[in-house]
Every structure is written in structure tokens, then in C-alpha cells.
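1. how would this look folded up:
(chains A and B)
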Amino acid sequence: MTGAESPAQGRWVPWLLAGAAYTGFVISLYLTFVHYRGYVSPCYVVHGCEEVQTSKYSVILGVPLALLGTLFFALMFYLGIALLTGPRVRAVRAYKVLAFAGALAIIPLFLLQAIVLKAFCTYCVATEAIMLVLWVASFLLATPGRSEAPDA
Amino acid sequence: MNTPGNHLLASKSAPWIGGSLLLLLAVAALYLFTGAAVSEPARTPPPGADDISFGPADAPLSVVEYSDFQCPFCAEYAAMLRTLREKYGDQVKFVFRFYPLADHPWATITAKAAYAASLQGKFWEMHDLLFENQKEWAESDDPRPYLDAYAESLGLDLDTFHADADAQSTTDFIKRQAAEGKQGGVNHTPWFVVGDSVVLPRSLEEFDKLIQEAL
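-> Numbering: from 1, shown residues only, chains lettered A, B, ... in the order given. Take a look at the predicted model:
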């Protein structure tokens, strides 16, 4: 038996995926608000966020990375809901592809902080950790057979 | 009319509606949260006689700032505060306290330079020069030539300036202010206390409004 609801996989996997994506959405959304409100943020004793959030790498082609993160996690959240509502071939595949893309994106983001900026922002590291969780958890998703898993 | 088909449709769409509501809730909550002004009772010492200040000693309101000359955000606030000092300089006592952050390598040496300038009556002039030119000295390997140039431009006696900057009493003063700040809960710079409240205004307009309300 295969499918998003197989006993081996458990009902908790889609919940985990949706919950993790929601957490990532909230963090990224917070960073997006901070970016667009143009607030002057303080320098914290434990440093990192100000260096990372104000660096030139925090924006790609005029779009803040935080906004891209927000959209990514919103999409992953909805895919998590799709998996909660039943086995869906396209949703599982889309989830796996996006989770892999997210995991790939972690590499340059982490290296930028570690090597170029030499500063880690807690919020950014948290979202990267969530992206990693989503990718690892995506292996727990069994792709349902087409015959038993309509995409409607 | 309730039919089995309607129930099925409702149960299928419920997670999507619930999920969308959760996202909207997060958007609304964060919109309000990031827009809310921070305010809490201050635990740092009230302004004292040995504080570096601007404005009347017996002003009805004080604005105390814990700051780090190498903090980029303090530099942004410095421009706001300059405007506020000009506007409220006869009604408000603006107090500057040192809080050099450990992660900023030139925070202490610039604090010492500013304190040394204060002993020659040029603290606020040095304060403004340090923040206005923060990028040039902060990114240098040695800020001392810049500090000397600022001191010279302000007409300070350089020998006295160096002696004061290197004096143990200067180090003690800065360390004491930072320690008192830490004890009072300061964990970032700039840290503002308007009257008896810790505040973090996000713009000049917000800061101005806070002062007007407190006066």
C-alpha cells in the first residue's frame, strides 16, 4: 500500500510539514514587514541580524529574500494542507521538488552568512533549519499510485 | 438545503479555509506587532550630575540614550536626535551614555575619544562627527588617524585629547555606564529612555510624538 495516508508514513507527516511551513511563513513574514516598514532596528548585544538583514545580499533583483521566503513557505503550507486532505500525486511531487529546491537554497544562504558576512541572523538560521526539516521530512512522503490517488 | 454532497464539499474545503485563515491571522498579527511602539518601565539610573547632556539641567523631561558609535543603527538615530535636540533643546535634557558592544572593535576607542572631547566641551560636536563619518573609520584598520583629524577640526588640544582618551578614569567612566546599563536591562543599542519609560521609536515622527506626549 502506498499513499500519503499509508500506515508507514502516518497522518502526522502532513501535519509536521504544514506546521513547519507555517512557522517558516511567520518568521519570513516578520522579516518582510521589518524590511518594508523601513524600520531602524537596534544593534543587539548578540549580533548578527542587523548585518545580515541590511546586507546587499538580503535583496535579489529588488525583491527581499524575506518576501521570497514568505511566498515559499506559504506555498509549502498549502501543499501540506493538500497532503492533509488526501493522497495527491502532484502535490507530493511538487512538495518534494520544492523541498529539494529549498534545501539547495540553504547552501549559498548559509555560506554568505558564515564566510562573507561573518554574522548569523537567528531568524535567517531558523528559516534555513525549517527548510532543511521540510526537505528531510519530504522523504517520509510516499508517492501515491495514480490509480488510488486522484488529484482533484 | 443540506445534502450529502454539500457536507462532502464543506469537509473538503474546511482545511483550505482554516489554513488560509491561519495565514491571514499571521499577517494581521505581525502587521500590528511590527507597528506597535515598544514601551516599558526603565530600570537604568536616572540622569545624574556626571552625565554628558544637552539641554537644561532642570528640564521637565529627559531623553537618555545608551549608544555605541560603531552601531550603524545608532548612526541613523543620531540624525533623528540631532533634529530633536534642535527642536527641544530648551525643554528636554538629552543624555548620552556609553554602551560599546563587544562585537564592534572600534566602539570603545571611539567612546574614549568622545569622552575626551567632552572634557574639552566638544562632546556633541565629536558625537556628530563620529556618527556622520562612521563608515570611513569603522571600516578602517586603525581609526586613530580619523579621530585625530576630527579632534583637530574641532580645535581640540591634541595632547590633552590623547591623554584624556588614554586615562584610566575615562575607561572607568565608560565601563561604569555600560555596566549600569547592562544591569538596567540594556541589551541593544540604541536604547532610549524617555522620562521613565524605555521606548524604541521607529521614526523621527514617532520619536517627536513620544516627546510631545511626555512633555
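
2. what ranges do the helices span in the chain?
-> No chain specified, so I'll use chain A. A:12-37, A:49-53, A:65-84, A:89-111, A:122-138 (DSSP state H).

3. oops, chain B please
-> B:4-35, B:72-88, B:107-119, B:123-132, B:134-138, B:144-153, B:158-166, B:168-183, B:204-214.

4. coming back round to it: give me whichever of the helices of chain A is most buried.
-> Between these, helix A:65-84 has the highest mean count of neighbours, a mean of 22, where neighbours are mean count of other Cβ atoms under 10 Å in any protein chain shown. For the C-beta atoms, the positions are set from N, CA and C on the backbone; glycine is no exception.

5. what bits of the chain have low per-residue confidence?
-> Picking chain A for this. Applying pLDDT under 70 to chain A flags residues A:1-10, A:37-55, A:143-152.

6. Not quite, go with chain B.
-> Using pLDDT under 70, chain B drops low at B:1-11, B:35-39.

7. can you list the domains in it?
-> As assigned by automatic domain parsing, chain B contains the domains B:1-36, B:39-214.

8. correct me, but A:Leu141 touches A:Ala94?
-> No: because the distance of 10.8 Å does not satisfy Cβ atoms under 8 Å, A:Leu141 is recorded as not touching A:Ala94.

9. hmm, back to that, let's have the helices of chain A in JSON lines, adding distance to chain B.
-> Listed next are the helices of chain A as JSON lines, based on distance: least, Cβ to the nearest Cβ, whole Å:
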{"stretch": "helix A:12-37", "distance to chain B": "4"}
{"stretch": "helix A:49-53", "distance to chain B": "6"}
{"stretch": "helix A:65-84", "distance to chain B": "5"}
{"stretch": "helix A:89-111", "distance to chain B": "12"}
{"stretch": "helix A:122-138", "distance to chain B": "12"}
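
10. Compare the ones you listed and report which one is nearest to B:Leu101.
-> helix A:49-53 (10.6 Å; Cβ to Cβ).

11. re earlier: so which of the domains of chain B has the densest surroundings on average?
-> domain B:39-214 (a mean of 18).

12. would you turn the domains of chain B into a markdown table with distance to A:Phe73?
-> Shown next, in a markdown table, are the domains of chain B (distance: least, Cβ to Cβ, whole Å):
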| stretch | distance to A:Phe73 |
| --- | --- |
| domain B:1-36 | 10 |
| domain B:39-214 | 25 |
